[in-house]
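Undergrad: Sequence plus the predicted model coming up.
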Amino acid sequence: MPARTAALKPKTARPSPKRDALVDVAEGLFDRYGFHGTGIDRLVQDSGVARMTLYKHFPTKNALVRAVLEHRDERFWAYINDGVAAREQDGPAWLTVFDVLGDWLEADGSQGSLLLRALAEFSGHDVAVAGDAAFRCRASGVWFQERLEAAGIPQATERGWDLALLFEGAVAMTPVVGGKAAAGQARHAAIALTAGW
């Protein structure tokens, strides 16, 4: 008789307007003031949610941070993938993605990468938050690699990471030069880099 194995069902948060409001407000505050620069009092005040309700949904502030990182990451990649698909006729995905990135950075009003900020603020303090942020940061390398492989480009892993560095560098430079400018410069660099492929 074969051994039986049990599979753990992932815990998924039940839909809740108050939880969603908390995550939305926290995302904006964390983006503006940083994770450690945003206190629980500010979160409660700006969200209009009682402190007890906040702790009902998020037993710790760091649990809220992780929910915000997940929410932001899901929105970001949905925007990127939809945008690239809409520009399919404009060239290869690994180049048009920089145009879509510029649009996101301008529309989002982002202060740069929330994931990189989480890494900087939580490394050495909270392994769960820092590890989650680091794992999510790797998504861009995989994204480029998959598209290069699908197009039959050799050395897709290494070349994918070359493009990912341009992509993430554009996000990181957004507070310095603006999202459109950073993404546009990264696209020029990507064109030069991929010309001989």
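TA: Structure's in. What do you need? Just so it is clear, the structure is predicted and the values come from calculations on it, not from any experiment.
Undergrad: Can you tell me how far the residue sitting nearest the centre point of the chain is from residue 123?
TA: Centroid-nearest residue in the chain, with CA atoms, centre = their mean: residue 73, separated by 3.4 Å. Separation of residue 73 from residue 123 (CB to CB, to the nearest Å): 18 Å. C-beta here means a position set from N, CA and C on the backbone, and glycine is covered the same way.
Undergrad: can you map out the helices along the chain?
TA: For the chain, the helices defined by DSSP state H cover 17-33, 40-47, 51-57, 61-86, 93-108, 114-122, 127-137, 139-150, 156-177, 179-194.
Undergrad: before we move on, back to that, test my guess that the residue nearest to the centre of the chain contacts residue 136.
TA: Yes: applying CB atoms under 8 Å as the test, residue 73 and residue 136 come out as touching, 5.0 Å apart.
Undergrad: residues shared between the contacts of the two?
TA: Common contacts of residue 73 and residue 136 (CB atoms under 8 Å, 6 or more residues apart in numbering): residue 115.
Undergrad: Quick one: neighbours of the closest residue to residue 21 other than its chain neighbours, just the number.
TA: Spatial nearest neighbour of residue 21, chain neighbours left out: residue 47 (5.5 Å); criterion: CB to CB, 6 or more residues apart in numbering. For residue 47, the count of nearby residues is 18 (other CB atoms under 10 Å).
Undergrad: Give the buried residues for stretch 40-59.
TA: 43-44, 47, 49, 53-54, 57-58 (16 or more other CB atoms under 10 Å).
Undergrad: er, stretch 132-143 actually
TA: 132-134, 136-137, 140-141, 143.
Undergrad: ditto for stretch 105-125
TA: 105, 108, 110, 112-115, 117-119, 121-122.
Undergrad: What distance do you get for residue 32 to residue 112?
TA: Counting by CB to CB - residue 32 and residue 112 are separated by 12 Å.
Undergrad: returning to that earlier point: for the residue nearest to residue 21, give its distance to residue 190.
TA: 39 Å.
Undergrad: Residue 69 too?
TA: In terms of CB to CB, residue 69 sits 26 Å off from residue 190.
Undergrad: hang on, residue 100 packs against residue 79?
TA: Yes: the pair formed by residue 100 and residue 79 meets the contact definition of CB under 8 Å, at 7.2 Å.
Undergrad: More neighbours: the two, which one.
TA: A count of neighbours by other CB under 10 Å puts residue 100 above the other of residue 100 and residue 79, at 20 against 16.
Undergrad: Spit out the contact partners of the more buried one.
TA: 79-80, 83-84, 87.
Undergrad: Equivalent analysis for residue 133, please.
TA: The neighbours of residue 133, taking CB under 8 Å, 6+ apart as the test, are 69, 115-116, 118-119, 122.
Undergrad: I'd like these written out as TSV, with pLDDT added.
TA: As requested, these are exported to TSV (pLDDT from 0 to 100):
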residue	pLDDT
69	96
115	91
116	89
118	93
119	91
122	93
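Undergrad: Can you tell me which of those is closest to residue 176?
TA: Nearest to residue 176 among those, counting by CB to CB, is residue 116 at 13.4 Å.
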